[in-house]
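1. I'll drop the sequence and a predicted model, then ask my questions.
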Amino acid sequence: MKVSGRHYRTIWVNEDGWSVDIIDQRWLPHDFRVETVRTVDGIATAIRDMWVRGAPLIGVTAAYGVALRMREDASDASLDAAWETLHATRPTAINLRWALDEMRRVLRPLPVSERAKAAYRRAAEIADEDVELNRGIGRNGLEIIRTIAAKKKPGEPVNILTHCNAGWLATVDYGTATAPIYLATEAGIPIHVYVDETRPRNQGAHLTAWEMAGHGVPHTLIVDNAGGHLMQHGMVDMVIVGTDRTTANGDVCNKIGTYLKALAAKDNGVPFYVGLPSPTIDWTVRDGVKEIPIEERSADEVSLVWGRDEDGKTRQVRISPEATPCGNYAFDVTPARLITGLITERGIADASAEGLARLFPERSGMAA
Ligand SMILES: CSC[C@@H](O)[C@@H](O)C(=O)COP(=O)(O)O
């Protein structure tokens with residue numbers, strides 16, 4: 001997507017032909033910084049410390065981490081060590097394991113001398129595939145927005161609530177939850193987005209609000225607890241969120257607080273959709289609440305808040321007493337029963353084993 005009129009993806013190979021450039025998301029919305037990463041350990045740090053984040057982008061970044069490692073040492077031991085190092089960075093987003101498994105599947109059978117080149121090639125393909133998956137989600141989600149828009153008075157916007165950042169910054173381009181929003185905007189459908197701030201790291205306030213502003217999408221930033229109130233007052237037509245891992249029966253793991261939005265949506269008859277690229281489906285898991293590992297992050301993310309002060313300096317301030325213990329559960333699971341539909345690149349699936357199997361028969365073991 002565009003930043004100050006120039007097209008960017010979130011990750012690309014530097015012009016030296018081997019190091020990896022990323023948009024360093026820690027500084028947004030105030031500073032747009034690009035960071036060059038040259039080692040697998042640098043990539044691991046970028047993922048763990050959330051210079052890059054969002055399930056699909058974590059996967060693509062890890063794939064480039066493997067490529068950087070293969071350039072230095074392409075032995076089997078080195079490939080396995082890179083897999084382990086990168087896999088240990090963040091536990092919840094399944095795209096990480098998907099991309100690492102995919103890299104190992106492609107590289108393992110090759111002679112060591114061919115692995116580095118093949119690794120860069122496959123990482124670039126995974127990045128390109130991500131863009132196509134998101135375009136597919138966008139096209140399918142656009143039809144839902146079009147249907148809602150058709151029931152509105154002329155010029156009246158479709159009000160969409162989103163949580164966290166499942167935008168282009170969470171992917172290589174377009175985003176998952178945001179792809180339908182961008183396509184609807186391009187199609188001239190009036191849209192207004194309620195952006196949950198998404199404590200503790202404020203991905204909504206820092207990233208989604210920045211994206212919406214950058215693409216001219218009318219939006220309003222709200223505190224995380226406002227959504228239920230807006231829904232009770234008929235101010236939300238639909239919710240669209242992303243996901244870090246969706247089970248084979250349609251339970252959706254996403255940023256902490258998503259579950260509460262889904263409960264409020266159900267209680268108020270507001271359709272609740274999830275933008276879902278197929279690499280985010282974990283076909284091995286059936287019960288999301290019991291089986292998906294939920295990342296617990298540093299207490300500092302809860303007690304300290306980043307912002308820009310009146311002198312234009314970006315800094316952290318403490319908002320709770322020094323001695324107060326904090327819990328920082330990064331994700332929650334929304335049970336399939338609360339979800340109206342899963343917007344995938346192949347179409348819209350019911351959030352159920354049957355719904356997903358119908359769209360992905362080859363993965364669900366239901367292929368003829
Ligand atoms: C397309 S991104 C979907 C999710 O990855 C997104 O909503 C989210 O929860 C991201 O979490 P984060 O902790 O910022 O990596």
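-> Cool, got the structure. Numbers count the residues shown, from 1 in each chain.
2. Now do Met51 against Asn225, distance only.
-> Just to correct that, residue 51 is Trp rather than Met. For Trp51, the distance to Asn225 (C-beta to C-beta, to the nearest Å) stands at 29 Å. C-beta coordinates here come from the backbone N, C-alpha and C atoms, glycine included.
3. Compare these two and say which is more crowded by neighbours.
-> Trp51 (20 against 13; other C-beta atoms under 10 Å).
4. Contact partners for the closest residue to the more buried one other than its chain neighbours?
-> Leaving aside its chain neighbours, Trp51 sits nearest to Asp24 (4.7 Å; criterion: C-beta to C-beta, 6 or more residues apart in numbering). Applying C-beta atoms under 8 Å, 6 or more residues apart in numbering to Asp24 gives the contacts Arg33, Val34, Glu35, Ala46, Trp51, Val52.
5. Equivalent analysis for Tyr64, please.
-> Taking C-beta under 8 Å, 6+ apart, one finds Ile11, Val13, Val20, Ile43, Tyr120, Ala123 in contact with Tyr64.
6. between those residues, which is nearest the ligand?
-> Set against the ligand, the nearest of those by C-beta to the nearest ligand atom is Ile11 (14.0 Å).
7. For the helix ranked longest in the chain, which residues meet the burial criterion?
-> As assigned by DSSP state H, the longest helix anywhere in the chain is helix 112-150. Residues 115-116, 118-120, 122-124, 126-127, 129-131, 133-138, 140-142, 144-145, 148-149 are the ones in helix 112-150 that count as buried (16 or more other C-beta atoms under 10 Å).
8. now the strands for the stretch 251-368 of the chain?
-> Under the criterion DSSP state E, counting those that start in this stretch, strands of the stretch 251-368 of the chain are mapped to 252-255, 272-275, 281-282, 304-308, 314-318, 331-334, 341-344, 347-349.
9. Around the ligand, which positions in this protein sit nearby?
-> Taking C-beta under 6 Å from any ligand atom as the criterion, the chain approaches the ligand at residues 53-56, 93, 164, 166, 170-171, 176, 203, 242-244, 254-255, 330.
10. hmm, back to that, same for whichever helix or strand comes after the longest helix of the chain, what does it pack against?
-> Where DSSP states H and E defines the elements, the next helix or strand beyond helix 112-150 is strand 158-162. Counting by 3 or more C-beta pairs under 8 Å, 6 or more residues apart in numbering; DSSP states H and E, the packing neighbours recorded for strand 158-162 are helix 112-150, helix 178-186, strand 191-196, helix 227-232, strand 238-241.
11. Just want the residue of this structure that's nearest the ligand.
-> Gly242 (2.6 Å).
12. For His7, find the nearest of the strands of the stretch 251-368 of the chain.
-> Checking the strands of the stretch 251-368 of the chain against His7 by C-beta to C-beta gives strand 272-275 as the closest, at 21.4 Å.
13. Check the offset of the closest one from the chain's centre.
-> Strand 272-275 sits 13 Å away from the centroid of its parent chain (C-alpha atoms, centre = their mean, to the nearest Å).
14. pLDDT on it, on average?
-> Regarding strand 272-275, the rounded mean pLDDT is 98.
15. Give the other helices and strands that it contacts.
-> If you count contacts as 3+ C-beta pairs under 8 Å, 6+ apart, strand 272-275 packs onto helix 112-150, helix 178-186, strand 238-241, helix 258-267, strand 341-344.
16. at 7 Å what do you get?
-> Judged by 3 or more C-beta pairs under 7 Å, 6 or more residues apart in numbering; DSSP states H and E, the packing partners of strand 272-275 are helix 112-150, strand 238-241, strand 341-344.
17. will you turn those into JSON lines that also has mean pLDDT?
-> Formatted as JSON lines, the helices and strands packed on strand 272-275 follow (pLDDT from 0 to 100):
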{"stretch": "helix 112-150", "mean pLDDT": "98"}
{"stretch": "strand 238-241", "mean pLDDT": "98"}
{"stretch": "strand 341-344", "mean pLDDT": "98"}
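18. In contact with Ile22, which residues are there?
-> Listed by C-beta atoms under 7 Å, 6 or more residues apart in numbering, the contact set of Ile22 reads Thr10, Ile11, Glu35, Val37, Ala46, Trp51, Val52, Thr61.
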